[in-house]
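Novice: no sequence on this one, just coordinates:
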């Protein structure tokens, strides 16, 4: 097994159980499989989220992502001592008979634990082979004075990964076939298969083994949190010093699961990750780029849930790609994909996948819009977004500019023509140009169409109906992108129409959005309640996009206001302190959280546009711009180790919140880091 020749290591030391009655469960790990499936949990062990598990399989619609194996209780018998390595309940992990995690690290982005207890040292590794709904857990005895017995108890509650944690149902059947076990969950679900390799195993099946578990994070988030897990029994193995054993669980056929040993599969996965690091242009000289390139890989997936789409693409010789917006609960979102595209693919040397992403979403354009999201387990997208399509044109432009490949833009000219035509004439959800001033307006009751999209029941927290500042910055940029493509492909009259529309929009924007009384831009004009002068980060896009809509004379003022009121070490606040609706913390039940989601909460992805704007104003001062990213370095050792969270509280200590690994957070920090290299 490959254990030493790794390209990258991130050690994490803040894990001692001796300073607290309970281990720190706020630090989490995650691995993904390139299909949208994943495994995750607290580094210290146990379970705190409904999403924690060793195998969340990405299954075709209408199933979606299903949690199969929730946990693997593990203990070592050393003489007459029973030493617990991992248990399902966090409150049991600080007991005297629990092994201490002596260190934890990521090797090439994959988690590795070392446990110690009175003369024994054990190693555990968890990984998922690429594009398989399979998880391998490998244990190795590093030190022991005599053979030890390892006991493993698989615990599961098969359900949708975001489903209710209560209501445990026993499986239909458990069948042992030598060292292989099949568990039939339900007639409409694939079998769960597991096997143990590396040492002879004894299975002790029990008639009734139920474990109570409480998910602490779910309780704080206002969700049901008390549930149960079921185990068919215990697996026992004897291991000599230096011995190694693997527990493998899968929904794949036996032939694929047995295709190669877990150790060989780990070597293959390590080699794949080495290749990812090597192909990222600046990763060899910069370990942060290398780490973030591996973090980016978790979000780039084949849309396995939409099997028909995969089959159609492969029939035409292509491999469809999409982006999981965030783990653990987001699916693929159009807006997030387009904002993330440059950092996830172009800055990591994955140009071909960038092209495939754009082709995938171009295929789904309807009425001039790309999908806002694909709901979990469903084949069709939802289109309630005013900005995702404009970000799509930005992404096409970035791909063309950075790769010099103009064939993609030529291929999708009909799609671009539809997009521009429908926006000029008007399309769904009130999205369309106001002929009076050429600005793009949007809005329909009960819909949240911008990226500030929190909604509780019928309450749209930040509706922003009217003419939003970033929507019009994106629209101006999109018109010029489209005009360039149309000119290059024989559609000069339409190109001229785009440039005329862009000129009208720019003149109106600078006349109407600039607010001299406060020195920054209105967030929304012609809104439900008039013009909104709230200081929000959206205005930074009027400077940061490749074709800025804002007159240069106002750049410094806007940047200074945003820096003074919104900038934090981990991104930009979504609303300035002092506003009546400003919220310092993102915490509590769903209503409380959504009420603060865009009302002060810090968003990591916004650091990318801010760095762009900073460089527009300050020129080549890359050193100062790079310092704007320093706060993300310690964050790589908290929340989900090696990744970047979705959001943070608006005030110190800027506690990470939301999804523990977010695509556009990783992408924009990576992009800004590469851009500010000296």
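Specialist: Yep, it's here. These numbers come from a predicted model, not from an experiment.
Novice: could you use CA atoms for every contact and neighbour count after this?
Specialist: Noted.
Novice: what separation is there between the nearest residue in space to residue 230 that is not next to it in sequence and residue 175?
Specialist: In this structure, residue 230 finds its nearest non-sequential neighbour in residue 210, 4.7 Å apart by CA to CA, 6 or more residues apart in numbering. Residue 210 sits 19 Å away from residue 175, going by CA to CA, to the nearest Å.
Novice: those two: who's more crowded?
Specialist: Taking other CA atoms under 10 Å, residue 210 and residue 175 do not tie; residue 210 has more neighbours (15 against 11).
Novice: how close does that one sit to residue 161?
Specialist: From residue 210 to residue 161 the distance is 19 Å (CA to CA).
Novice: and for residue 332?
Specialist: 16 Å.
Novice: now swap in residue 261 and tell me
Specialist: 28 Å.
Novice: hmm, residue 282 is touching residue 289, no?
Specialist: Yes. Residue 282 is within contact range of residue 289, at 6.8 Å (criterion: CA atoms under 8 Å).
Novice: common neighbours of the two, please.
Specialist: residue 674 (CA atoms under 8 Å, 6 or more residues apart in numbering).
Novice: which of these two has more residues huddled nearby?
Specialist: Shown here are residue 282 and residue 289; by other CA under 10 Å, residue 289 has more neighbours (23 against 18).
Novice: got a list of what the more buried one touches?
Specialist: Per CA under 8 Å, 6+ apart, neighbours of residue 289: 280, 282-283, 670, 673-674.
Novice: Provide the secondary structure category for it.
Specialist: What DSSP: H, G, I helix; E, B strand; the rest coil gives for residue 289 is helix.
Novice: any figure for the gap between it and residue 277?
Specialist: 8 Å.
Novice: ditto for residue 74
Specialist: Distance from residue 74 to residue 277, by CA to CA: 33 Å.
Novice: so between these two, which is more surrounded?
Specialist: Using other CA under 10 Å as the criterion, residue 74 and residue 277 rank with residue 277 on top: 25 against 19.
Novice: surely that one touches residue 284?
Specialist: Yes. With contact defined as CA under 8 Å, residue 277 reaches residue 284; the gap is 7.2 Å.
Novice: gap between the two ends of stretch 89-108?
Specialist: The first residue of stretch 89-108 is 29 Å away from its last residue (CA to CA).
Novice: shift numbering so it begins at 435
Specialist: New numbering, starting at 435: the last item is stretch 523-542.
Novice: buried residues in it?
Specialist: Buried residues in stretch 523-542, counted by 16 or more other CA atoms under 10 Å: 523-524, 526-528, 532-542.
Novice: what average pLDDT does that stretch get?
Specialist: Model confidence over stretch 523-542, given as mean pLDDT, is 82.
Novice: tell me where the stretch 835-984 of the chain has helices.
Specialist: Ranges of helices in the stretch 835-984 of the chain, per DSSP state H, counting those that start in this stretch, are 841-845, 847-859, 903-922, 926-946, 975-978.
Novice: so which of these is nearest residue 570?
Specialist: Checking the helices of the stretch 835-984 of the chain against residue 570 by CA to CA gives helix 841-845 as the closest, at 38.9 Å.
Novice: flag every buried residue along stretch 585-596.
Specialist: For stretch 585-596, using 16+ other CA under 10 Å, the buried residues are 585-595.
Novice: actually stretch 495-503, not the one I wrote
Specialist: 495, 497-503.
Novice: most widely separated two among those?
Specialist: Greatest spatial distance in those: 495 and 503, 20.0 Å, computed using CA to CA.
Novice: for residue 500, grab phi and psi.
Specialist: Backbone torsions of residue 500, given as degrees, to the nearest 10, read phi -120, psi 130.
Novice: ok, now which ones touch the spatially closest residue to it that is not a sequence neighbour?
Specialist: Excluding the flanking residues, the one nearest residue 500 by CA to CA, 6+ apart is residue 594, at 4.4 Å. Contact analysis of residue 594 by CA under 8 Å, 6+ apart lists 497-501.
Novice: quick one, helices of the stretch 685-834 of the chain?
Specialist: Under DSSP H, counting those that start in this stretch, the stretch 685-834 of the chain gives helices at 688-691, 696-713, 721-731, 741-749, 768-778, 785-797, 822-837.
Novice: quick one: the first one to chain centroid distance?
Specialist: So the one you mean is helix 688-691. Offset of helix 688-691 from its chain centre (CA atoms, centre = their mean, to the nearest Å): 29 Å.
Novice: show me which residues of that helix are buried.
Specialist: residue 691.
Novice: residue 1009: neighbouring residues, count only.
Specialist: When neighbours are counted by other CA under 10 Å, residue 1009 comes out with 26.
Novice: so it sits against residue 1031, correct?
Specialist: No. Taking contacts as CA under 8 Å, residue 1009 lies outside contact range of residue 1031: 10.0 Å.
Novice: what stretches of the stretch 585-734 of the chain score poorly on pLDDT?
Specialist: 641-642 (pLDDT under 70).
Novice: which other residues reach stretch 952-972?
Specialist: With CA under 8 Å, 6+ apart as the criterion, stretch 952-972 contacts 898-904, 946-949, 973, 988, 991-992, 995-996, 1000, 1006-1010, 1013, 1040.
Novice: can I get the helices of the stretch 835-984 of the chain in a markdown table with distance to residue 727 and mean pLDDT?
Specialist: A markdown table is the format used below for the helices of the stretch 835-984 of the chain (distance: least, CA to CA, whole Å; pLDDT from 0 to 100):
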| stretch | distance to residue 727 | mean pLDDT |
| --- | --- | --- |
| helix 841-845 | 24 | 97 |
| helix 847-859 | 30 | 98 |
| helix 903-922 | 27 | 98 |
| helix 926-946 | 36 | 98 |
| helix 975-978 | 23 | 98 |
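Novice: residue 678 is nearest to which of these?
Specialist: Nearest of those to residue 678, taken as CA to CA: helix 841-845 at 49.0 Å.
Novice: need the contact partners of that closest one.
Specialist: With contact meaning CA under 8 Å, 6+ apart, helix 841-845 is reached by 789, 830, 834, 919, 923.
Novice: okay, now residue 667: neighbour count?
Specialist: Count around residue 667 with other CA under 10 Å applied: 16.
Novice: look up how far residue 631 lies from it.
Specialist: Where residue 631 is concerned, residue 667 sits at a distance of 18 Å (CA to CA).
Novice: ok, the closest residue to residue 481 other than its chain neighbours - how many residues close by?
Specialist: Once flanking residues are discounted, residue 481 sits nearest to residue 522: 5.8 Å by CA to CA, 6+ apart. Neighbours of residue 522 under the rule other CA under 10 Å: 22.
Novice: wasn't residue 522 part of a helix?
Specialist: No. With three-state DSSP as the criterion, residue 522 is located in coil rather than a helix.
Novice: in this structure it contacts residue 476, no?
Specialist: No. With contact defined as CA under 8 Å, residue 522 and residue 476 do not form a contacting pair (10.6 Å).
Novice: mind giving me the PyMOL select for the contacts of stretch 952-972, buried ones only?
Specialist: Selection of buried members from these for PyMOL, criterion 16+ other CA under 10 Å:
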select buried, resi 898+899+900+901+902+903+904+947+948+973+988+991+992+995+996+1000+1006+1007+1008+1009+1010+1040
